[in-house]
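Participant: I would like the atomic coordinates for the input below:
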Amino acid sequence: MAAIVWSRAFRGSAIAASVSVTAAVLAPVAHAEKYAAIVVDADTGEVLHARNQDDPRYPASLTKVMTLYLLFDAIEAGEVGLKDKIKVSRNAAAQPPSNLRLRAGDTITVEDAIYALVTKSANDVAAAVAEFLGGSERKFAGMMTDKASELGLANTTFRNASGLPNTAQLSTARDLAILADALLDNHGDYYHYFQNQRFSWGGMTYKSHNKLIGSVDGVDGIKTGYTRASGFNLMTSAERDGRRVIAVMLGGASAKSRDAHVTELVESAFAALGQTPEVIDPNSKLMSFAALQTPLNPNAAAEPMLNGRPLSAILAEAAPNQTADLLQEPEIVEGDASEQAPAPAEEIAAAADFNVPATLSVSGYEKAQTGITAGPPQILPALTLNGISVSEYEARQAAKAAAGKSVSDYTLRQMRRR
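Facilitator: Here you go, the predicted structure:
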């Protein structure tokens, strides 16, 4: 019961904390900076770590957690049964990948729809569920936004049930953590679906893209997401020794780097929770996350910097006529990246981990890291800008990260010894 009280306190306090950024959310724009993160003690509501947590971001397929929340609401109310069949409309069947390739007139049970959303992140199923519960996806999106407001997600607006690109569909890391907390609190009986790692349909078996399940101690849910505009997102929760944490990261440069960063967030959270003032100085709790304050590549989720300045600003000065094209991020229709059919080579280059060669130009570096264009990085003769080459810049950033990682490793070793 105490956990529920704290949980509700976390959701309530988030409303006040989010008021100052509401105006920003009301102006839908594509964001050059994508990274945001928050880690919460689910038992007390304490925010253990946060960065850009109230800044507007694209939720991508994390949207489907709210779609499922409303579906669980309907099941709890007795309005829907797990064996009920959902009919697929033409609109639902026309949704782009990731999907189950459903056809108009097909049916899928409510329980299979849950598995399809959790594991396959199927956009056609999301649209079918929306129409099943709301009559139309547009009306259902309104229901989603109303529910978000009711739960304390003060800076979240939904326009569809899947998370497919829409510049008006915005949320924040804090809001998404509140959503995860509310789901655990109000629909804990259905949380086990998010642990599912495989789903079979139409002769195919699909694997979950939440690779932290089974590989990171205690992680038992819940959802990944990706569009080019959002970057690689992950909402996760883990429990160890009766203590639960919720971690949300938005805007990773790749699934691999996102997973690595969230793993560090989870490990640091439990290291922090394992401390007591009698054993370790309370200030050392902050040290658990010290090395995580600045990711190696700021737009492994945020816009890359060069000599302390955003690369977009440098490019704007170097080529003012190209600025508009560079800063307009195309809304490519995609679901979770790992669910897609083999992508063109240029899209793979934009989404994969990228080791910067010595001859990569500054503009090529920016494009490769942010995915602003679909073309492959431009390779030119070695280029320097303001006295530093991109390869040297990357080397300096790597050295800083290595130093930070050493501090983190040392801190964790000391805490384990105590």
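Participant: Now for A36: which residues touch it?
Facilitator: Listed by Cβ atoms under 8 Å, 6 or more residues apart in numbering, the contact set of A36 reads 51-53, 55, 57, 172-173, 248-251, 301. C-beta here means a position set from N, CA and C on the backbone, and glycine is covered the same way.
Participant: And for A128, nearest residue in space, chain neighbours not counted?
Facilitator: Closest residue to A128 apart from its sequence neighbours, by Cβ to Cβ, 6 or more residues apart in numbering: A92 at 4.1 Å.
Participant: re earlier: list only buried entries from the contacts of A36.
Facilitator: 51-53, 55, 57, 172-173, 248-251, 301 (16 or more other Cβ atoms under 10 Å).
Participant: I'd like the average pLDDT over stretch 162-173.
Facilitator: Averaged over stretch 162-173, pLDDT sits at 96.
Participant: what comes up buried for it?
Facilitator: 162-166, 169-173.
Participant: could you dump those residues to CSV with distance to D146 and secondary structure?
Facilitator: What follows is the buried residues of stretch 162-173, written out as CSV (distance: Cβ to Cβ, whole Å; DSSP: H, G, I helix; E, B strand; the rest coil):
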residue, distance to D146, secondary structure
S162, 18, coil
G163, 18, coil
L164, 20, coil
P165, 22, coil
N166, 17, coil
Q169, 15, coil
L170, 16, strand
S171, 15, strand
T172, 18, coil
A173, 21, helix
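Participant: Helix or strand: which one has I75?
Facilitator: helix 63-76 (DSSP states H and E).
Participant: Partner strands of whatever helix or strand comes next after that helix and their direction?
Facilitator: Helices and strands here follow DSSP H and E; after helix 63-76, the next one along the chain is strand 85-87. Taking DSSP bridges as the criterion, strand 85-87 forms sheet pairs with strand 107-109 (antiparallel).
Participant: Kindly format the C-alpha coordinates of the helix or strand following the partner strand as PDB.
Facilitator: Next in sequence after strand 107-109, counting helices and strands by DSSP H and E, comes helix 110-115. Output in PDB follows, covering the C-alpha atoms of helix 110-115 (Å, rounded to 0.1, in the frame of the first residue of the first chain):
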ATOM      1  CA  VAL A 110      -7.700  -9.300 -28.000                       C
ATOM      2  CA  GLU A 111      -5.000 -11.400 -26.300                       C
ATOM      3  CA  ASP A 112      -3.200 -12.000 -29.600                       C
ATOM      4  CA  ALA A 113      -3.400  -8.200 -30.200                       C
ATOM      5  CA  ILE A 114      -1.700  -7.600 -26.800                       C
ATOM      6  CA  TYR A 115       1.100 -10.000 -27.800                       C
END
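Participant: buried sites along helix 110-115?
Facilitator: Using 16+ other Cβ under 10 Å as the test for burial, helix 110-115 gives 110, 112-115.
Participant: So what touches it?
Facilitator: Residues contacting helix 110-115 (Cβ under 8 Å, 6+ apart): 68, 71, 75, 80-86, 125, 128-129, 190, 193, 196, 199, 201.
Participant: one step back: ok, so of the buried residues of helix 110-115, who is nearest I38?
Facilitator: Of all these, I38 sits closest to I114, with 25.9 Å by Cβ to Cβ.
Participant: quick one: that closest one and Y226, what's the gap?
Facilitator: 21 Å (Cβ to Cβ, to the nearest Å).
Participant: if we can go back for a sec, quick check, the residue nearest to A128 in contact with A127.
Facilitator: Yes. With contacts counted by Cβ atoms under 8 Å, A92 reaches A127, the gap being 3.9 Å.
Participant: can you give me the helices for the stretch 101-250 of the chain?
Facilitator: Taking DSSP state H, counting those that start in this stretch, the helices of the stretch 101-250 of the chain run over residues 110-115, 123-134, 137-151, 173-186.
Participant: count of neighbours near the nearest residue to F72 once chain neighbours are set aside?
Facilitator: Leaving aside its chain neighbours, F72 sits nearest to H187 (4.3 Å; criterion: Cβ to Cβ, 6+ apart). Neighbours of H187 under the rule other Cβ atoms under 10 Å: 17.
Participant: Pretty sure H187 sits against L70.
Facilitator: No. With contacts counted by Cβ under 8 Å, H187 stays clear of L70, the gap being 10.2 Å.
Participant: still on that earlier bit, which of the contacts of A36 has the weakest pLDDT?
Facilitator: Model confidence across the contacts of A36 bottoms out at A301, which has 42.
Participant: could the helices of the stretch 101-250 of the chain be laid out in TSV, adding distance to F158?
Facilitator: Shown next, in TSV, are the helices of the stretch 101-250 of the chain (distance: least, Cβ to Cβ, whole Å):
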stretch	distance to F158
helix 110-115	18
helix 123-134	10
helix 137-151	4
helix 173-186	11
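Participant: so which of the buried ones among the contacts of A36 comes closest to A260?
Facilitator: M249 (10.3 Å).
Participant: Leaving out chain neighbours, which residue sits closest to that closest one?
Facilitator: Of all residues beyond its chain neighbours, the one nearest M249 is A37 (4.6 Å), with distances taken as Cβ to Cβ, 6+ apart.
Participant: do G81 as well
Facilitator: G81 sits nearest to V110 (Cβ to Cβ, 6+ apart), 6.6 Å away.
Participant: and what of K85?
Facilitator: Closest to K85 by Cβ to Cβ, 6+ apart is T107, at 4.2 Å.
Participant: Correct me if wrong: the one you found contacts I86.
Facilitator: Yes. With contact defined as Cβ under 8 Å, T107 counts as touching I86 (6.4 Å).
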